[in-house]
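A.B. asks: turn this into a structure:
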Amino acid sequence: MKKKILAVILSAAMAAGMSSISVLAADDSYNVGICQLVQHEALDAATQGFKDALTDEFGDKVTFDEQNAQGDSNTCATIINSFVSNDVDLILANATAALQAAASGTADIPVLGTSVTEYGVALDLDDFDGTVGTNVSGTADLAPLDQQAAMLNELFPDAENVGLLYCSAEANSQYQVDTVKAALEELGYTCEFYAFSDSNDLSSVATTAASESDVIYVPTDNTAASNAEIINNICLPEKVPVIAGEEGICSGCGIATLSISYYDLGVATGKMAVKVLKGEADISEMPVEYAPNFTKKYNPEICEELEIEVPDDYEAISAE
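C.D. replies: Numbers count the residues shown, from 1 in each chain. The predicted model follows:
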């Protein structure tokens, strides 16, 4: 009889324990740190998409510590260190400098990058095969650079000199202009690099580029994106068209782009985060994901000002 009573008590205790575990699992909450390099349209959209994806899955069980480095890579490192001290569950590193800081700042906390063009270049990885293999993965915003070169050729077949305007402090920008330069030279263009170190010398470098180029190409470059108005105020009066690497830059100073949806890229990153936080995926085995769709877009206002007509398969960038 005593054995039977003991068995009942043990069964009840085990049931209670299992019930307690189930409640704890249901009540799991997550603290996610977001380090965004700088505020501009593309990065803002990626962050919002990421947050929306996580909120759709976890509701109010997920909280965000969202911080902006205001374009300073050293501030990225400070932000990441604060996330590590606070033992956040996961870090979103939005843009290359943020990813580099996060990869250097922690080997334990899962790190997902977004708005990063080329992970092998950003993390100085030899023979990068698409998977970082550490606590780092994420999404890339790399559009087909040969197709961007082909777009320039489609719109300006008679141009001769193309200026490649970019920030030399951004490794992914250097990668893009190197690749585009090779593609354009195969198409018969003469290309010249016009590198600025930061926003302080952008104006003088852009002025030189505008005076020496028939067309200017600007890659997905965070410094350029944050200062697109400066580029426009120089190139537009000189009647020099700008082909941009992404929609945000194009809306500020470009005439056309082959671009992605940064919001959708952020959503894709958020879905990766859900799998990591729920233990459904090992981040060290998660390959970097790429945007599935690319869209030809044009800036109606600047095209009208420069009297440029684009083919029918280009989509107008909304003024909103």
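
A.B. asks: can you give me the strands for the stretch 151-300 of the chain?
C.D. replies: Here the stretch 151-300 of the chain has its strands, by DSSP state E, counting those that start in this stretch, at 161-167, 190-196, 215-218, 242-244, 256-259, 289-290, 295-298.

A.B. asks: so which of the ones you listed comes closest to residue 93?
C.D. replies: When the strands of the stretch 151-300 of the chain are compared by C-beta to C-beta, strand 289-290 sits nearest residue 93, at 14.8 Å. In short, each C-beta sits where N, CA and C put it, glycine included.

A.B. asks: list the neighbouring strands of the closest one plus their orientation.
C.D. replies: According to DSSP bridges, strand 289-290 forms sheet pairs with strand 136-140 (parallel).

A.B. asks: so where's the stretch 201-320 of the chain uncertain?
C.D. replies: By pLDDT under 70, the weakly predicted segments of the stretch 201-320 of the chain are 319-320.

A.B. asks: returning to that earlier point: of the strands of the stretch 151-300 of the chain, which approaches residue 130 most closely?
C.D. replies: Here strand 289-290 is closest among these (C-beta to C-beta), at 9.2 Å.

A.B. asks: residue 96 versus the residue nearest the centre of the chain, what's the distance?
C.D. replies: Closest to where the C-alpha atoms of the chain average out (C-alpha atoms, centre = their mean) is residue 115, at 0.6 Å. Per C-beta to C-beta, to the nearest Å, residue 115 is found 8 Å from residue 96.

A.B. asks: ok, now residue 313?
C.D. replies: Residue 313 is 31 Å from residue 96, by C-beta to C-beta.

A.B. asks: quick one: which of the two has more around it?
C.D. replies: residue 96 (27 against 7; other C-beta atoms under 10 Å).

A.B. asks: show the pLDDT at the more buried one.
C.D. replies: You'll see residue 96 listed with a pLDDT of 94.

A.B. asks: try residue 183
C.D. replies: 98.

A.B. asks: return the residues in contact with the nearest residue to it once chain neighbours are set aside.
C.D. replies: With sequence-adjacent residues excluded and distances taken as C-beta to C-beta, 6 or more residues apart in numbering, residue 183 is closest to residue 149, at 3.6 Å. Residues counted as contacts of residue 149 (C-beta atoms under 8 Å, 6 or more residues apart in numbering) are 180, 183-184, 187.
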